[in-house]
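Trainee: sequence and predicted structure below; questions after.
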Amino acid sequence: MNYSVIGEPAQVRDIMRRTEDFAPTNALTSVVPLAPATLRALSKVRFALPPVLASATGAQHRAVRTLVGRFFTPGKVAAIEPRVRELARHRLAGASIALEHGPVDLAESVGRHIPPIVMAELTGQPTPDLDVLKRWSTDSLELFWGWPDPARQLELAASAAEFYVWLRQEAAAARGTESLFGVLDAAGLSSAEVCSLGYFLVIAGQETTSQLINTVFFRGLESGGWAALAEPDAARSHVRRVLATESSVHTWRRAALRDTQVAGQAIPAGAEILLELTGRHSGQAGATAYSLAFGHGLHRCLGAKLAELETALVLEETARALPHLQPAGAPPQWLRLLSFQAPLTVNAQLTVNAQLSGKVLP
């Protein structure tokens, strides 16, 4: 697929505002065409992703957005802070013991565990076993935003089909409840629409935040100022710097609805546009440069404040509990998909002085 790449932040915001000219109809379309065998594997479980939220427009999109937004109000996000700190401290207790015996992968021991619990508690939707959830999430991201060949597509489709069957069962079980799926069902959304929304919301609500935590950990460790990130203001500033430079969701797509222009450049109807959300801000971009990482306008991420707060709190707690850390081993491999990026591991070890003194906790 050939994309018109737009990276200048003002132009990206302009495109996201101009809903009459640009639509998110391709936002969730697979980057490479799915092979016939892949489509057959998905159709066996009635896999369908009708436009509901991220890829929808119009009155229904606004109505669904309002319903989902009630689960992520500023008050509810602020109230989750003690729980995030509790979860982080629990994970860090185990990591501190493991560090006495050698390097620890902070992505595995800390970052992956907290966002799924927070998401489940805010939405009232239970999640499957963590290993299963992570497999479904990473496989679905690769299927829709990666470049898998037909053989790999079949493997990923089997995982996506499992995920979809689970979602359909959860949607049925949620009827009559105050959970997110129950509220959507009561509002008249079909089972397929609830599953479509849930398919990517479950992923976005935890996987992209885990990815952001990984990048924040990695860049914090290599910065040489790790211990200082225990201060709340320093942690928040570091998270915002990463969001502005290399957020976990670094691009997003739009399609041109008609012949138009952007900054004098002709954009024909049907053009596929790739918007760069992060990494293109100048040093003078201002204090809000980070915010474009969550989109702009009617499709701005509903969980933006949650992701930022959650990441900053986990970073702060980790730097406070484990101040004597440095990177360990070779540089990590990175997840590199069209719209998602993050280090796959964040290996850390105690500094030499901490090892000699037997210090783990301050």
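Mentor: That came through fine.
Trainee: which stretches of the stretch 251-362 of the chain form strands?
Mentor: For the stretch 251-362 of the chain, strands defined by DSSP state E, counting those that start in this stretch occupy the ranges 251-256, 260-262, 265-267, 272-276, 325-327, 334-336, 341-343, 347-350.
Trainee: what does the stretch 51-200 of the chain give?
Mentor: For the stretch 51-200 of the chain, strands defined by DSSP E, counting those that start in this stretch occupy the ranges 104-105.
Trainee: before we move on, the earlier item: dump the strands of the stretch 251-362 of the chain to JSON lines, plus mean neighbour count and distance to Gly220.
Mentor: All C-beta spots, glycine's among them, are computed from the backbone N, C-alpha and C. Formatted as JSON lines, the strands of the stretch 251-362 of the chain follow (neighbours: other Cβ atoms under 10 Å; distance: least, Cβ to Cβ, whole Å):
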{"stretch": "strand 251-256", "mean neighbour count": "22", "distance to Gly220": "24"}
{"stretch": "strand 260-262", "mean neighbour count": "15", "distance to Gly220": "36"}
{"stretch": "strand 265-267", "mean neighbour count": "13", "distance to Gly220": "38"}
{"stretch": "strand 272-276", "mean neighbour count": "19", "distance to Gly220": "24"}
{"stretch": "strand 325-327", "mean neighbour count": "19", "distance to Gly220": "9"}
{"stretch": "strand 334-336", "mean neighbour count": "14", "distance to Gly220": "16"}
{"stretch": "strand 341-343", "mean neighbour count": "22", "distance to Gly220": "12"}
{"stretch": "strand 347-350", "mean neighbour count": "22", "distance to Gly220": "10"}
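Trainee: what sits against Thr318?
Mentor: Applying Cβ atoms under 8 Å, 6 or more residues apart in numbering, we find Thr318 in contact with Ala88, Leu92, Leu106, Val110, Phe217.
Trainee: so which of those comes closest to Trp147?
Mentor: Nearest to Trp147 among those: Phe217, at 27.1 Å, using Cβ to Cβ.
Trainee: need the nearest residue in space to the closest one, chain neighbours excluded.
Mentor: Excluding the flanking residues, the one nearest Phe217 by Cβ to Cβ, 6 or more residues apart in numbering is Val346, at 4.5 Å.
Trainee: same deal with Ser109?
Mentor: Leaving aside its sequence neighbours, Ser109 sits nearest to Ala95 (Cβ to Cβ, 6+ apart; 4.5 Å).
Trainee: that neighbour contacts Leu322, correct?
Mentor: Yes: using Cβ atoms under 8 Å as the test, Ala95 is close enough to Leu322 to be in contact (6.8 Å).
Trainee: more crowded one of the two?
Mentor: Leu322 (24 against 20; other Cβ atoms under 10 Å).
Trainee: that one contacts Leu99, doesn't it?
Mentor: Yes: if you go by Cβ under 8 Å, Leu322 and Leu99 touch, sitting 6.9 Å apart.
Trainee: pull the number of nearby residues for the residue nearest to Leu133 when sequence neighbours are not counted.
Mentor: In space, Leu133 comes closest to Thr127 once its chain neighbours are excluded; the distance is 5.3 Å by Cβ to Cβ, 6+ apart. For Thr127, the count of nearby residues is 18 (other Cβ under 10 Å).
Trainee: per-residue pLDDT of Leu257, please?
Mentor: Note on Leu257: pLDDT of 96.
Trainee: longest single helix anywhere in this structure?
Mentor: Longest helix in the chain by number of residues (criterion: DSSP state H): helix 191-222.
Trainee: and it, what's buried?
Mentor: Across helix 191-222, burial judged by 16 or more other Cβ atoms under 10 Å covers 191-221.
Trainee: related to what we said a few turns ago, for Leu337, state which of the contacts of Thr318 is nearest.
Mentor: Nearest to Leu337, judged by Cβ to Cβ, of the contacts of Thr318 is Phe217 at 19.7 Å.
Trainee: please report how far the spatially closest residue to Glu178 that is not a sequence neighbour lies from Thr278.
Mentor: For Glu178, ignoring the flanking residues on the chain, the nearest one in space by Cβ to Cβ, 6+ apart is Gly124 at 6.2 Å. Relative to Thr278, Gly124 is positioned 31 Å away (Cβ to Cβ, to the nearest Å).
Trainee: the residue nearest to Phe217: how many residues sit nearby?
Mentor: 27.
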